[in-house]
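Novice: Structure for the following, please:
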Amino acid sequence: MNSPSIETLDQELSEAINKIYNGCQKINAKHLKIRILQWLDKVRTPTHNFIWKQNSLLYARVLLEMTLEQQLDKPFRGVPPDGPLPRFDKFEVVI
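Specialist: Numbers count the residues shown, from 1 in each chain. Coordinates of the predicted model:
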């Protein structure tokens, strides 16, 4: 199985970020909107590392699903951590 290119990851991440932002605009609960926007800022932190880009994309996909459901679960219930995003194991994620 071929790995996606960096350009493909960037494009997918950009699309997911736009969908999250648009979905967030439809949310009335202020606290939920603030938390989503905090995570959105964290997810779109620029990186040139391929593995970190993949991790950011995984976070974005999960955040998008939770944004559309207007329900945040771990790890998005809290404030994003300082520094780089922790590794998000795709086997722990059910989308």
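Novice: where does the protein dip in pLDDT?
Specialist: 1-3, 89-95 (pLDDT under 70).
Novice: Quick one: the helices in it, in order.
Specialist: Using DSSP state H, the helices of the chain run over 6-24, 30-43, 50-69.
Novice: Would you convert these into TSV that also reports distance to residue 87?
Specialist: Every residue, glycine included, has its C-beta placed from N, CA and C. Below are the helices of the chain laid out as TSV (distance: least, CB to CB, whole Å):
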stretch	distance to residue 87
helix 6-24	16
helix 30-43	14
helix 50-69	6
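Novice: quick one, which of those helices is packed in tightest?
Specialist: helix 50-69 (a mean of 20; mean count of other CB atoms under 10 Å).
Novice: That one - contacts with which helices or strands?
Specialist: Counting contacts by 3 or more CB pairs under 8 Å, 6 or more residues apart in numbering; DSSP states H and E, helix 50-69 is packed against helix 6-24, helix 30-43.
Novice: Show me the contact partners of the first one.
Specialist: Under the criterion CB atoms under 8 Å, 6 or more residues apart in numbering, residues 4, 33, 36-37, 40, 43-44, 50, 53-54, 56-57, 60-61, 63-64, 67-68 lie in contact with helix 6-24.
Novice: got a list of what residue 70 touches?
Specialist: Taking CB under 8 Å, 6+ apart, one finds 27, 29, 32 in contact with residue 70.
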